[in-house]
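Visitor: Next comes the sequence, and after it the predicted model I'd like to discuss.
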Amino acid sequence: MSCSENDSTNSGSSPSREADFDEYGQFGYALEPEYTEEELHEMEAAESSRNQDILSNPRQFNTDWCSCTKCIVMPLLTECLCCHEFTLFDDLKLHLQGTDYGNFLANEPSPLTVSVIDDKLKEKMVVEFQHLRNHCLEPLATFLDYITYSYMIDNIILLITGTLHQRPLSELIPKCHPLGSFEQMEAIHIASTPAELYNAVLVDTPLAPYFIDCILEQDLDEMNTEIIRNTLYKAYLEDFYAFCQETGGATADVMCEALSFEADRRAFIITINSFGTELTKDDRSKLYPHCGKLYPAGLARLALADDYDQVRAVADCFTVS
């Protein structure tokens, strides 16, 4: 057979191979594309988005870093609160002018400080609170009175503690919350026993009924001061809880839940703070408010607790809804 015949025979015997070459541009198997067109478009869009993020990130090409030495993580100069504290406070001043607080900072010179803003906000809040209290009817009037009682308790304890540490009243009075202020506060320095405290300071205040159980204490030392604090709070929370229950409606729905949480919180704190002190389990149990979710079974278990694990076990048995 000649070469030409050979070629003719070969070319005639493999039409499929020629078709393969024409269709795929190569001999052998057809290769599937690695990505579909849709996937390629998605990848291109993602890459474009990443590039855009890099270009728009101020940190990528920034040379204006903060160097005030007060920052733990180096921020941009525009992010450093240390360098822009006064500017931010002035911005806050302008922002508050557009709210119901109005121009209460208008007469305060720059630079403003946190303590100045806090004091002025507190003054504004007290003015609004007292205006509301003076123009409302029952039972809202009594409800607002109850709100002030917790501040009165805190103020009394602050003054007693400060007096025990020989701090002057002129230093202590400004630290008292204005919602809990009352005329007899400045006479607290003459009291050396709970009975004297009651007769000189509390007898004409709304807290007088809550203080009856404290009069038997002998001295106003630090331990008895804490007992007085928790005894007052126990009576106050139970009284406020009963008032809200009696009022009913939304007041009962919202406030009884909030007061229950506060009662349980105080029970846990009293228990934990009593570890390693002279306070007996029996005395400790007398300080628990009887108006929370822990009452009565949880409080009975807390009264027997000797360590943190037992307190945690009690907490695990009660869920907050």
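Guide: In hand now; what should we look at? Residues are numbered from 1 along each chain as shown.
Visitor: in the host helix or strand of residue 298, what's buried?
Guide: Per DSSP states H and E, residue 298 falls inside helix 297-304. Buried residues in helix 297-304, counted by 16 or more other Cβ atoms under 10 Å: 298, 299, 301, 302, 303. From N, CA and C alone the C-beta is placed, and that goes for glycine too.
Visitor: cool, stretch 165-174 as well?
Guide: Neighbour counts over stretch 165-174 (16+ other Cβ under 10 Å) mark 172, 173 as buried.
Visitor: That one spans what distance, first to last residue?
Guide: 17 Å (Cα to Cα, to the nearest Å).
Visitor: Neighbours of residue 183, how many?
Guide: 9 (other Cβ atoms under 10 Å).
Visitor: Can you give me the pLDDT of residue 82?
Guide: pLDDT, residue 82: 52.
Visitor: next one: the one 4 residues further on
Guide: With respect to pLDDT, residue 86 has a value of 46.
Visitor: With residue 305 instead?
Guide: As predicted, residue 305 sits at a pLDDT of 93.
Visitor: what about stretch 168-188, how long is it end to end?
Guide: By Cα to Cα, one end of stretch 168-188 lies 11 Å from the other end.
Visitor: average pLDDT for it?
Guide: Computed over stretch 168-188, the average pLDDT equals 86.
Visitor: and if you look at stretch 147-156?
Guide: 94.
Visitor: now do stretch 289-300
Guide: For stretch 289-300, mean pLDDT is 93.
Visitor: which residues are contacting that stretch?
Guide: Residues outside stretch 289-300 that contact it (Cβ atoms under 8 Å, 6 or more residues apart in numbering) are 233-234, 237-238, 241-242, 259-264, 266-267, 285, 288, 302, 314, 317-318, 320.
Visitor: Got a quick ChimeraX command for the buried subset of those?
Guide: Buried members of these, defined by 16+ other Cβ under 10 Å, are picked up in ChimeraX with:
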select :233,234,237,238,241,259,260,262,263,264,266,267,285,288,302,314
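Visitor: Out of the contacts of stretch 289-300, list just those in helices.
Guide: 233-234, 237-238, 241-242, 259-264, 266-267, 285, 302, 314 (DSSP state H).
Visitor: Can you lay out the buried residues of helix 297-304 as CSV showing distance to residue 255?
Guide: Shown next, in CSV, are these (distance: Cβ to Cβ, whole Å):
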residue, distance to residue 255
298, 21
299, 21
301, 26
302, 24
303, 26
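Visitor: ok, so of those residues, who is nearest residue 114?
Guide: residue 302 (37.6 Å; Cβ to Cβ).
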